[in-house]
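Student: Provide a 3D model corresponding to the input given below.
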Amino acid sequence: MRATTVLPVILRRGLRTFAILIAAVGLVTPRAAGAQLGIEVGAAAPDVALETLDGRPARLGTAIAGKPAVIEFWATWCSNCRELEPRMQAAQRKYAGRVAFVGVAVSVNQSPERVRRYVTDHLTGFTHFYDRRGDAVGDYDVPATSYVVVTDRTGKVVYTGLGGDQDIETAIQKALR
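Tutor: As a prediction, the model looks like this:
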């Protein structure tokens with residue numbers, strides 16, 4: 001990588017992290033303008049390198065291959081994520097085995113150990129990853145925590161949403177068509 005390309009990458013990741021924090025605490029409402037957030041609906045879901053909560057390398061594509069998937073970018077400190085949690089858990093129980101449920105914990109202000117403790121108490125039935133380097137956040141153009149991407153069985157994005165009051169059921173139905 002040339003020196004002239006390093007600074008924009010650092011700034012992009014830094015600004016993205018800042019945007020996630022601002023939106024997560026509710027200081028900004030990204031949907032206010034009604035614009036598409038994050039990865040485009042219709043796009044192919046990127047197969048991103050992540051790590052398991054115990055630090056092993058993993059690929060997101062392996063977790064979602066061949067079936068519809070619900071991917072949430074979240075954090076232990078995110079109030080919107082906690083608000084969304086009951087809907088996500090209900091959907092996971094209803095569609096277990098038919099739909100992959102994946103949590104991608106962002107690395108902003110949390111460690112894999114903190115995420116592991118939270119998952120043990122709150123988020124069972126999901127496959128969990130930790131995005132230490134922000135690669136998934138970058139490739140999915142994640143605007144904030146509580147960002148949900150739903151894909152169909154071919155890996156095509158059929159829904160994106162943000163916030164604690166998303167209609168996960170309707171998004172899954174769209175993916176199952």
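Student: who's the residue nearest the centre of the chain bridged to?
Tutor: Taking C-alpha atoms, centre = their mean, the centroid of the chain lies closest to F73, which sits 2.3 Å from it. As for beta bridges, F73 partners with V104, Y147 under DSSP bridges.
Student: Could you pull up the contacting residues of it?
Tutor: 104, 106, 131, 136-137, 140, 142, 145-149 (C-beta atoms under 8 Å, 6 or more residues apart in numbering). Just so you know, the C-beta spots here come from the backbone N, C-alpha and C atoms, and that holds for glycine as well.
Student: Redo these as a markdown table? Include distance to A58, neighbour count and pLDDT.
Tutor: As requested, the contacts of F73 are exported to a markdown table (distance: C-beta to C-beta, whole Å; neighbours: other C-beta atoms under 10 Å; pLDDT from 0 to 100):
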| residue | distance to A58 | neighbour count | pLDDT |
| --- | --- | --- | --- |
| V104 | 11 | 25 | 97 |
| V106 | 16 | 27 | 95 |
| D131 | 11 | 23 | 97 |
| A136 | 11 | 24 | 96 |
| V137 | 16 | 24 | 96 |
| Y140 | 16 | 23 | 97 |
| V142 | 18 | 27 | 96 |
| T145 | 20 | 28 | 95 |
| S146 | 22 | 27 | 94 |
| Y147 | 20 | 31 | 97 |
| V148 | 20 | 22 | 97 |
| V149 | 17 | 26 | 98 |
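Student: Just name the closest of those residues to I39, please.
Tutor: Comparing these against I39 with C-beta to C-beta places Y140 closest, at 4.8 Å.
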